[in-house]
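Enquirer: Whatever this is, show me its structure:
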Amino acid sequence: MDRYDVVLVGAGIMSATLATLLHELDPDLRLLVVERLEAPALESSAAGNNAGTGHAANCELNYTPLLADGTVSTAKPLAINASFECSLEFWSSLCEQGRLDPSGFIHRVPHISFVWGEGDVAYLRQRYEQLKPLPAFAAMEWSRDEAELASWIPLVMAGRDPQMAVAATRIERGTDVDFGALSRSLFVPLQASGALDLVFGTSVSDLNRRAEGWELQLRGPSGRRDVMTPFVFLGAGGGALPLLQRSGIPEAAAYAGFPVSGQWLVCNDPDLSEHHFAKVYGKAKVGAPPMSVPHLDSRWIDGRRSLLFGPYAGFSSKFLKQGSLLDLPRSVRTSNVLPMLQVGVNNIPLVRYLVNQLRQSSEDRMEALKAFLPTARADDWALSVAGQRVQIIKRTPTGGRLQLGTEVVASGDGSLAALLGASPGASTSVTIMLEILQRCFPDRLASQAWQQRLQALLPSYGQDLNADRELLQRSRDRSDALLGLQIAS
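Expert: Here you go, the predicted model:
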């Protein structure tokens with residue numbers, strides 16, 4: 001039986017990040033990544049499947065809900081922004097070592113919030129006034145001037161009713177990240193060093209805890225293979241929940257999943273793509289869930305700049321885009337069926353929203369697009385199926401709760417960890433993997449050797465970027481220089 005120090009299931013951005021961190025901290029670790037598809041990062045991490053890339057909370061209005069007192073909540077954008085800066089810092093260190101080429105996965109692109117209607121304009125103004133004084137968002141610009149907005153987002157402003165109340169905020173230091181390309185780039189030096197084995201077309205058919213660790217049964221092109229390891233990471237996107245349940249750890253009993261599929265309208269006119277250079281996020285309609293926030297994205301896919309609009313939600317019982325229709329029913333347990341029912345009863349607007357999305361015609365989708373691009377023509381856009389997202393349903397003392405975002409679930413002894421949930425996971429991958437190190441490798445993480453190596457990788461490690469303006473600026477200056485994100489003067 002083959003033995004590894006760490007086995008990671010799923011070859012997306014999460015496993016790539018954790019494997020890289022572990023190798024940097026201990027180059028002697030022997031790592032195995034198991035991927036069921038024929039190449040890395042073909043599911044949730046792929047640029048065409050990922051619902052949003054380069055999340056830094058600059059423009060995503062669902063992160064700043066309006067509170068009862070008329071203010072907006074700023075805790076989540078501050079946390080997400082700091083987490084993304086941590087990711088940038090990590091990638092910068094790898095670029096400095098010559099282990100990453102930034103041009104292959106990251107591009108600078110402005111992040112813009114755009115709204116229309118007096119009520120939403122007032123909301124955006126309130127958001128701007130609260131975020132602008134914070135160091136993380138000090139570069140945010142505000143405008144209601146039509147000429148200025150036309151220079152920021154010419155396609156969005158073209159053909160718009162001049163009587164319509166409009167406003168936007170912009171942060172020029174935004175990014176687009178191709179997490180599929182990044183994942184593949186992270187694996188290359190690991191494989192070259194001999195520290196990592198990466199197997200494709202291979203599924204985990206079973207995993208069992210033994211006295212000496214976890215025994216995993218793998219099924220691949222060559223048949224069955226058994227491996228043993230003291231630590232397992234389940235980073236298989238929507239496929240993590242079924243494996244977590246199969247592990248039998250008691251912590252798994254508190255969780256269920258609700259899959260949501262997605263679709264994009266993709267522009268097939270390169271001239272239009274070249275005339276739009278921004279990620280533009282709008283505001284979800286009243287009663288719509290946060291996941292429905294519409295956005296018009298400049299995005300690099302397979303090295304080419306593209307223009308996408310969406311996402312349009314749908315429903316499939318699959319947990320993965322290339323999964324099984326039986327994924328959802330197979331995940332139902334006596335321990336999670338009641339929380340699932342409670343979430344259904346308590347989230348009628350979400351159910352209604354999904355039903356309406358499923359009933360949408362091509363004309364309905366174009367109508368939504370024309371709210372962003374008044375001059376849009378159906379012939380210039382094609383429908384594309386995006387990835388699956390499995391939202392977390394968690395059993396709590398007050399009943400089942402639908403949770404947006406990501407959550408680490410770890411066994412009590414730290415020998416197994418799984419990542420559940422969705423956005424903004426990829427953009428905050430380094431912070432999430434640091435949490436796994438804290439929960440599953442606490443003694444080694446506390447050692448002087450690991451602390452010194454982490455400090456070299458992440459110069460701001462252990463410090464609060466939101467509390468230290470100078471530290472934040474130094475970190476940004478370094479990342480911008482190493483990743484080629486400087487703003488031309």
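Enquirer: Who are the contact partners of the nearest residue to residue 269 once chain neighbours are set aside?
Expert: Excluding its sequence neighbours, the residue lying closest to residue 269 (C-beta to C-beta, 6 or more residues apart in numbering) is residue 380, at 4.5 Å. C-beta coordinates here come from the backbone N, C-alpha and C atoms, glycine included. By C-beta atoms under 8 Å, 6 or more residues apart in numbering, the residues touching residue 380 are 267-269, 272.
Enquirer: any idea how far residue 113 is from residue 124?
Expert: Distance, residue 124 to residue 113, using C-beta to C-beta, to the nearest Å: 6 Å.
Enquirer: what residues are shared contacts of the two?
Expert: Common neighbours of residue 124 and residue 113, counting by C-beta under 8 Å, 6+ apart, are 61, 168-169.
Enquirer: From these, which shows the smallest pLDDT?
Expert: Within those, pLDDT reaches its minimum at residue 61, with 93.
Enquirer: tell me, how many neighbours does that residue end up with?
Expert: 25 (other C-beta atoms under 10 Å).
Enquirer: Verify the stated contact: it with residue 113.
Expert: Yes. Using C-beta atoms under 8 Å, residue 61 is in contact with residue 113, at 5.8 Å.
Enquirer: So residue 310 belongs to a strand, correct?
Expert: Yes. Counting by DSSP: H, G, I helix; E, B strand; the rest coil, residue 310 is part of a strand.
Enquirer: what sits against it?
Expert: Residue 310 is in contact with 262-265, 294-295, 386, counting by C-beta under 8 Å, 6+ apart.
Enquirer: Turn those residues into TSV, including distance to residue 35, pLDDT and secondary structure.
Expert: Listed next are these as TSV, based on distance: C-beta to C-beta, whole Å; pLDDT from 0 to 100; DSSP: H, G, I helix; E, B strand; the rest coil:
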residue	distance to residue 35	pLDDT	secondary structure
262	22	82	strand
263	25	86	strand
264	24	90	strand
265	30	93	strand
294	32	88	coil
295	29	91	strand
386	20	84	coil
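Enquirer: closest to residue 31 among those residues?
Expert: Checking these against residue 31 with C-beta to C-beta, the nearest one is residue 386 at 29.8 Å.
Enquirer: any idea how far residue 186 is from the closest one?
Expert: From residue 386 to residue 186 the distance is 23 Å (C-beta to C-beta).
Enquirer: Dump the shared contacts of residue 124 and residue 113 to TSV, plus secondary structure and distance to residue 118.
Expert: Listed next are the shared contacts of residue 124 and residue 113 as TSV, based on DSSP: H, G, I helix; E, B strand; the rest coil; distance: C-beta to C-beta, whole Å:
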residue	secondary structure	distance to residue 118
61	helix	16
168	strand	15
169	strand	17
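Enquirer: Kindly reformat these as CSV containing distance to residue 331.
Expert: Formatted as CSV, the shared contacts of residue 124 and residue 113 follow (distance: C-beta to C-beta, whole Å):
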residue, distance to residue 331
61, 31
168, 41
169, 40
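Enquirer: which one among those gets closest to residue 102?
Expert: Closest to residue 102, out of all of the shared contacts of residue 124 and residue 113 and judged by C-beta to C-beta, is residue 169, at 26.3 Å.
Enquirer: close enough to count as contact, the closest one and residue 142?
Expert: Yes. Between residue 169 and residue 142 there is a contact at 5.3 Å, judged by C-beta under 8 Å.
Enquirer: With neighbour numbers in mind, choose between the two.
Expert: A count of neighbours by other C-beta under 10 Å puts residue 169 above the other of residue 169 and residue 142, at 25 against 17.
Enquirer: Any idea what the more buried one is bridged to?
Expert: Beta bridges link residue 169 to residue 113, residue 142, judged by DSSP bridges.
Enquirer: so who does it touch?
Expert: Taking C-beta under 8 Å, 6+ apart, one finds 59, 112-113, 124, 127-128, 140-143 in contact with residue 169.
Enquirer: Where in this structure is the helix or strand with the lowest mean pLDDT?
Expert: Ranked by mean pLDDT, DSSP states H and E, the helix or strand of the chain with the weakest confidence is helix 348-358, at a mean of 75.
Enquirer: In that helix, which residues are buried?
Expert: 350, 353-354, 357 (16 or more other C-beta atoms under 10 Å).
Enquirer: Kindly report the same for stretch 202-219.
Expert: Judged by neighbour count (16+ other C-beta under 10 Å), stretch 202-219 contains these buried residues: 202-204, 207, 209, 213-214, 216, 218.
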